[in-house]
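# Provided below are the primary sequence and the corresponding predicted coordinates.
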Amino acid sequence: MILNTGMRTDIPAFFSDWFFKRIKEGYVYVRNPYFPNKVTKYLLNPNVIDCLVFTTKNPKPMLSRLNELKSFGQYWFVTITPYGKEIESNVPDKKEIIESFKELSRAIGKEKIGWRYDPIFISEKYSLSYHIETFEKMASELSGYTEECVISFIDLYEKTKRNFPQVQEVSEEERNIIGKEFSRIGKKYGMVIRTCVEGTSLSKYGVDCSGCMTKPVIEKAINKSLKVPKKKATRDGCDCLLGNDIGVYNTCNHGCVYCYANYNKKSVLDNIRKHNPNSPFLIGKSMKEDIVVEAKQESYIVEELKLF
């Protein structure tokens, strides 16, 4: 199975001690975000987890302890955007993130790490030309440390519109310009540009529109073939191996105004106060009304076949 850690929060940036404690103890409890008394227990065992997937804006807190994950297959997304503190108030300096990206790549291999440049929005400050110029500067820095970059355009969720009311949807013309220019830059620096749930309109520029975390992406990262059971897509037009996420909404403290995973800053701070690094839950603890169900976990690896 594939175990995700980063669709709801940023575990490497804020909860790395808790995560390594869970790895050591071999299991984790996850509350259903819509039915809180329903709890899933996942075994953190490399015999059944084929790949741990991380999505982070700051991998640095985990870099010194990567040896504790060496028995697991891994794939990392590291998000590096062009935005300043008025948009991402608590995200580290981008130069620092780039250096951490390089260190991570050297440690695990460039096939196990992808760069995310998203979400893209256009404003007076963050104009088309600004995005193109900054993207090329970042691509030149990351060249040789990854083979792909995932882009997506801002989605106007209700949470996003409430916390970032001035944001505008990216027009079709702007999307096409970005797709064309980013694809050109990607080829120059040895990166495939992929989109995340953006349809297929940018494929005419050489952008890979098949998805960001598809079966081929994971197979390349772990160098093994997978036979994945058919499941209903998490989102329309998405073939990525999502689900099975151990994170919790309203816990990421990066302070990004475009965030879809946080209701508001107060809810994040309230939850962070409930975090106990020794608990099997990321936030809080067991309650007497909990119904705990063990997840159905099995390896998808076709043992004999290695791809690369």
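The structure has been received and is ready for your questions. Being a predicted model, the structure only gives us computed values, none of them experimental. Residues are numbered from 1 along each chain as shown.

# where does this protein have low pLDDT?
For the chain, applying pLDDT under 70 flags the ranges 232-239, 303-308.

# quick one: the strands in it?
According to DSSP state E, the chain carries its strands in the segments 2-4, 27-31, 38-43, 51-56, 74-79, 113-120, 148-153, 192-195, 225-226, 291-294, 301-302.

# can you say which of the ones you listed is nearest to Val91?
Val91 sits nearest to strand 74-79 of all the strands of the chain, at 8.7 Å, using C-beta to C-beta. The C-beta positions use only the backbone N, C-alpha and C, and glycine is treated the same way.

# which neighbouring elements make contact with the closest one?
In terms of contacts (3 or more C-beta pairs under 8 Å, 6 or more residues apart in numbering; DSSP states H and E), strand 74-79 is packed against strand 51-56, helix 94-108, strand 113-120, helix 215-222.

# what's in contact with it?
6, 51-57, 59, 97, 100-101, 104, 108, 112-118, 150, 212-213, 217-218, 221-222 (C-beta atoms under 8 Å, 6 or more residues apart in numbering).

# which residue ranges form the helices in the stretch 101-250 of the chain?
Using DSSP state H, counting those that start in this stretch, the helices of the stretch 101-250 of the chain run over 128-142, 158-163, 172-188, 215-222.

# mind giving me a markdown table with these and columns for mean neighbour count and distance to Thr195?
Listed next are the helices of the stretch 101-250 of the chain as a markdown table, based on neighbours: other C-beta atoms under 10 Å; distance: least, C-beta to C-beta, whole Å:
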| stretch | mean neighbour count | distance to Thr195 |
| --- | --- | --- |
| helix 128-142 | 17 | 14 |
| helix 158-163 | 14 | 19 |
| helix 172-188 | 18 | 8 |
| helix 215-222 | 20 | 13 |
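
# so can I have CSV of those helices showing distance to Asn276?
Formatted as CSV, these follow (distance: least, C-beta to C-beta, whole Å):
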stretch, distance to Asn276
helix 128-142, 36
helix 158-163, 26
helix 172-188, 42
helix 215-222, 32
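
# for Val91, give me its contacts.
Applying C-beta under 8 Å, 6+ apart to Val91 gives the contacts Lys57, Asn58, Lys85, Ile97, His254, Gly255, Cys256.

# now the spatially most central residue of the chain: closest residue in space that isn't a chain neighbour?
Among the residues of the chain, the one closest to the centroid is Thr55, at 2.6 Å (C-alpha atoms, centre = their mean). Take Thr55 and drop its neighbours on the chain: the residue closest to it by C-beta to C-beta, 6 or more residues apart in numbering is Gly6, 2.8 Å away.

# the one you found and Ser140: what is the separation?
Distance, Gly6 to Ser140, by C-beta to C-beta, to the nearest Å: 26 Å.

# now do Tyr249
36 Å.

# next: Ile80.
Applying C-beta to C-beta to Ile80 and Ser140 gives a distance of 13 Å.

# likewise for Glu172?
Note on Glu172: its distance to Ser140, by C-beta to C-beta, is 28 Å.

# same deal with Tyr34?
According to C-beta to C-beta, Tyr34 and Ser140 sit 43 Å apart.
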